[in-house]
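In: For reference, the sequence and a predicted model appear below.
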Amino acid sequence: MKKGMGIYVILFSLAFLSPSVVAAEDGGGKPWERFSLNVGGFVATLNSDFRLGSDALGAGIDVSPEDALGLDSSLFVFRADALWRFTSNRRHRFELSYYDLRRASTKTLEADIQINDKIFSTGTTVDTLFDLQVIRAGYSYSLIQDDRIDLGISAGLYVMPIRIKISATTSGEIGDEGITAPLPVAGLHFDFAITPKFFLKQSIDVFYFQYQNFSGGLLDTRVGVEYNIWKHFGVGVAYEYFRLQVKAEGQDYPNIDLVGKIQFNYGGIMLYGKLFF
């Protein structure tokens, strides 16, 4: 996390110290595309923790899926992002992103694991599935926009189907929990045109909410550079840090039927191709 924030400080400084960019290639217009589609992949370093069952009732224990269940702590992930500026001044834009952090493993347990009323004993060989999909939709408005800077605020929604399934290969017992966590976010983006073809792009989304027996928090930060090789095609590299926490002791939040806690974070570098108009 500290490393990621350090990168932000350096790149923000470079952006403001860099000389003004010349006008866009179209002869004086802004260099911000009307539509873009980024498709690529990234290697993510993951760390997670979950408890299924009420801590207050002593029915659940905290488990690290990487340590206790043998899930991979790194993963290659496919990702797609789309952006559409839908007004003539290009200040209003809609964004959509999708990726799936799906992991599976088989391991002999070194400690008891409890999922609600099911206990998987030490020595049991289990198959584990931990699947987290991330779907983000957001609206953004550019407060400042010229031929060099695009600075704006955003509001959006992360919809995250989460499934945790543990199956005992000998007894046939299955612990299977699934939730969909819809979390609204507020955000900020800062894009800087170093040249008409070379861009620095940064964004952050945050959310925290607590109501009765539910609390949820999300942090998603991203910083990257893009280079437009041809008229409608470019490439990019970006670093992203993502952190999610959902805790519920009752079903009192829309679409959250979890009783327990899920914490998840990853950091990763993404390479992608960009189609734009």
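Out: Right, received. Where do you want to start? Everything quoted here is computed from the prediction, not taken from an experiment.
In: Every contact and neighbour count from this point should use C-alpha atoms.
Out: Fine.
In: Give me the buried positions along the helix or strand where Leu143 lies.
Out: Using DSSP states H and E, Leu143 sits in strand 125-145. Buried residues in strand 125-145, defined by neighbour count with 16 or more other CA atoms under 10 Å: 125-142, 145.
In: Where do the helices of the stretch 51-200 of the chain begin and end?
Out: Assigned by DSSP state H, counting those that start in this stretch, the helices in the stretch 51-200 of the chain fall at 65-68.
In: Show me where it has its strands.
Out: Under the criterion DSSP state E, counting those that start in this stretch, the stretch 51-200 of the chain carries strands at the ranges 74-85, 92-108, 113-115, 118-120, 125-145, 149-168, 174-193, 198-211.
In: any idea how far Tyr241 is from Gly267?
Out: According to CA to CA, to the nearest Å, Gly267 stands 4 Å off from Tyr241.
In: and what of Arg103?
Out: 19 Å.
In: Same question for Pro184.
Out: Separation of Pro184 from Tyr241 (CA to CA): 18 Å.
In: before we move on, what about Glu95?
Out: For Glu95 relative to Tyr241 (CA to CA), the value is 18 Å.
In: Same check on Val39?
Out: Separation of Val39 from Tyr241 (CA to CA): 18 Å.
In: Skipping its backbone neighbours, what lies nearest Gly236 in space?
Out: Of all residues not flanking Gly236 in the chain, Glu226 sits nearest, at 4.1 Å (CA to CA, 6 or more residues apart in numbering).
In: Quick check: bridge partners of the closest residue to Ala248 other than its chain neighbours?
Out: Among residues not flanking Ala248 along the chain, Phe214 sits closest, at 4.4 Å (CA to CA, 6+ apart). Beta-bridge partners of Phe214, counted by DSSP bridges, are Tyr211, Ala248.
In: Using CSV, list the CA coordinates for the strand holding Leu143.
Out: Output of strand 125-145 as CSV, limited to C-alpha atoms (Å, rounded to 0.1, in the frame of the first residue of the first chain):
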residue,chain,number,x,y,z
THR,A,125,-8.7,-33.4,2.2
VAL,A,126,-10.9,-30.6,0.8
ASP,A,127,-11.5,-28.9,-2.5
THR,A,128,-11.9,-25.2,-2.2
LEU,A,129,-13.4,-22.5,-4.6
PHE,A,130,-13.0,-18.8,-3.8
ASP,A,131,-14.5,-16.7,-6.6
LEU,A,132,-14.8,-12.9,-6.6
GLN,A,133,-16.1,-11.1,-9.6
VAL,A,134,-15.8,-7.4,-9.9
ILE,A,135,-18.2,-5.4,-12.0
ARG,A,136,-17.8,-1.6,-11.8
ALA,A,137,-20.1,1.0,-13.4
GLY,A,138,-19.6,4.7,-12.9
TYR,A,139,-20.4,8.2,-14.0
SER,A,140,-17.7,10.9,-14.0
TYR,A,141,-17.8,14.7,-14.6
SER,A,142,-14.6,16.7,-15.5
LEU,A,143,-14.3,19.8,-13.3
ILE,A,144,-11.2,20.9,-15.2
GLN,A,145,-10.5,19.9,-18.8
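In: for it, packing partners?
Out: Here strand 125-145 touches strand 92-108, strand 149-168, going by 3 or more CA pairs under 8 Å, 6 or more residues apart in numbering; DSSP states H and E.
In: How far does it sit from its chain's centre?
Out: Relative to the centre of its chain, strand 125-145 is centred 4 Å away, using CA atoms, centre = their mean, to the nearest Å.
In: partners of it, with directions?
Out: With DSSP bridges as the test, strand 125-145 is paired with strand 92-108 (antiparallel), strand 149-168 (antiparallel).
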